[in-house]
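S.K.: A predicted structure for the sequence below; I have some questions about it.
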Amino acid sequence: MKRLIIYMLFILLCISIYKDLSINGTSSPENASLFEQSPQSNYTITQIKITIGDTVLSVIEEINFDNNNQLDIPMIMADFKQLNPTADPFHLEPNTFYYFPLYKY
(Lines give C-alpha, C1' and ligand atoms only; values in the text may rest on other atoms or scores of the structure.)
Protein backbone atom coordinates (compact mmCIF):
# COMPACT_ATOMS: atom_id res chain seq x y z
CA MET A 1 0.00 0.00 0.00
CA LYS A 2 2.83 2.42 0.85
CA ARG A 3 4.53 1.67 -2.43
CA LEU A 4 1.36 2.48 -4.38
CA ILE A 5 0.96 5.82 -2.60
CA ILE A 6 4.60 6.71 -3.27
CA TYR A 7 4.19 5.88 -6.98
CA MET A 8 1.04 7.99 -7.19
CA LEU A 9 2.73 10.94 -5.49
CA PHE A 10 5.69 10.64 -7.84
CA ILE A 11 3.41 10.62 -10.88
CA LEU A 12 1.53 13.68 -9.59
CA LEU A 13 4.83 15.46 -9.00
CA CYS A 14 5.97 14.69 -12.55
CA ILE A 15 2.68 15.91 -14.00
CA SER A 16 2.81 19.17 -12.04
CA ILE A 17 6.42 19.82 -13.10
CA TYR A 18 5.52 19.15 -16.72
CA LYS A 19 2.56 21.56 -16.56
CA ASP A 20 4.69 24.25 -14.92
CA LEU A 21 7.34 23.96 -17.59
CA SER A 22 4.91 23.79 -20.49
CA ILE A 23 3.15 27.06 -19.62
CA ASN A 24 4.37 29.75 -21.99
CA GLY A 25 5.95 32.84 -20.52
CA THR A 26 9.61 33.59 -20.59
CA SER A 27 11.34 36.88 -20.46
CA SER A 28 12.19 36.73 -24.17
CA PRO A 29 10.12 39.00 -26.40
CA GLU A 30 9.54 36.24 -28.97
CA ASN A 31 7.48 34.27 -26.43
CA ALA A 32 5.78 37.26 -24.84
CA SER A 33 2.04 37.08 -24.99
CA LEU A 34 0.37 40.18 -26.40
CA PHE A 35 -3.16 39.98 -25.15
CA GLU A 36 -4.58 43.41 -24.66
CA GLN A 37 -4.31 46.88 -26.10
CA SER A 38 -4.82 49.94 -23.98
CA PRO A 39 -7.17 52.29 -25.87
CA GLN A 40 -6.10 55.51 -24.16
CA SER A 41 -2.33 55.04 -24.38
CA ASN A 42 0.43 54.40 -26.87
CA TYR A 43 1.29 50.87 -25.81
CA THR A 44 0.01 47.32 -25.82
CA ILE A 45 0.23 45.10 -22.77
CA THR A 46 2.31 41.97 -22.60
CA GLN A 47 2.62 39.46 -19.79
CA ILE A 48 6.15 38.23 -19.03
CA LYS A 49 7.53 35.80 -16.47
CA ILE A 50 10.40 37.32 -14.52
CA THR A 51 13.63 35.40 -14.02
CA ILE A 52 16.34 36.02 -11.44
CA GLY A 53 18.12 39.31 -12.11
CA ASP A 54 15.39 40.89 -14.22
CA THR A 55 14.37 44.46 -13.49
CA VAL A 56 11.55 46.56 -14.88
CA LEU A 57 13.97 48.56 -17.02
CA SER A 58 15.87 45.52 -18.32
CA VAL A 59 12.65 43.83 -19.44
CA ILE A 60 11.33 47.06 -20.99
CA GLU A 61 14.58 47.54 -22.91
CA GLU A 62 14.47 43.93 -24.08
CA ILE A 63 10.91 44.00 -25.38
CA ASN A 64 11.15 47.57 -26.76
CA PHE A 65 14.53 47.15 -28.45
CA ASP A 66 13.49 49.31 -31.45
CA ASN A 67 12.45 52.28 -29.26
CA ASN A 68 15.27 52.40 -26.68
CA ASN A 69 16.17 56.00 -27.57
CA GLN A 70 12.61 57.25 -26.98
CA LEU A 71 11.89 55.59 -23.61
CA ASP A 72 11.28 57.80 -20.58
CA ILE A 73 12.05 56.19 -17.20
CA PRO A 74 9.38 58.05 -15.15
CA MET A 75 6.76 57.16 -17.78
CA ILE A 76 7.89 53.50 -17.76
CA MET A 77 7.64 53.28 -13.99
CA ALA A 78 4.22 54.97 -13.95
CA ASP A 79 2.90 52.63 -16.65
CA PHE A 80 4.28 49.57 -14.84
CA LYS A 81 2.66 50.66 -11.56
CA GLN A 82 -0.63 51.24 -13.36
CA LEU A 83 -0.53 47.76 -14.90
CA ASN A 84 0.66 46.05 -11.68
CA PRO A 85 -0.82 48.06 -8.80
CA THR A 86 0.19 45.57 -6.09
CA ALA A 87 3.73 44.96 -7.35
CA ASP A 88 6.86 46.74 -6.14
CA PRO A 89 8.78 47.73 -9.30
CA PHE A 90 12.06 47.77 -7.36
CA HIS A 91 11.69 44.21 -6.01
CA LEU A 92 10.30 41.87 -8.67
CA GLU A 93 9.70 38.27 -7.63
CA PRO A 94 11.37 35.63 -9.84
CA ASN A 95 9.06 33.11 -11.55
CA THR A 96 6.16 35.57 -11.30
CA PHE A 97 4.19 37.00 -14.21
CA TYR A 98 3.94 40.79 -14.53
CA TYR A 99 2.33 43.03 -17.14
CA PHE A 100 4.65 45.26 -19.15
CA PRO A 101 3.94 48.02 -21.66
CA LEU A 102 5.08 47.38 -25.22
CA TYR A 103 5.38 50.90 -26.62
CA LYS A 104 4.38 51.90 -30.16
CA TYR A 105 6.31 54.84 -31.58
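M.R.: Here it is on my side, so go on. Fair warning: this is a prediction, and the values are worked out from it, not measured in the lab.

S.K.: Stretch 81-97 spans what distance, first to last residue?
M.R.: Using C-alpha to C-alpha, to the nearest Å, the end-to-end distance of stretch 81-97 comes out at 14 Å.

S.K.: Name the residues of that stretch that come out as buried.
M.R.: Of the residues in stretch 81-97, 83-84, 87, 92 count as buried by neighbour count, 16 or more other C-beta atoms under 10 Å. All C-beta atoms are positioned from the backbone trio N, CA, C, and that covers glycine.

S.K.: Kindly provide the whole-number mean pLDDT of the longest helix seen in the chain.
M.R.: Of all the elements of type helix in the chain, the one with the most residues (DSSP state H) is helix 2-22. When pLDDT is averaged over helix 2-22, the result is 83.

S.K.: Now do the helices in the chain.
M.R.: Using DSSP H, helices in the chain cover 2-22, 56-63, 73-83.

S.K.: other SSEs contacting the last one?
M.R.: In this structure, helix 73-83 makes packing contacts with helix 56-63, strand 97-103, judged by 3 or more C-beta pairs under 8 Å, 6 or more residues apart in numbering; DSSP states H and E.

S.K.: That's all I had, so thanks and see you.
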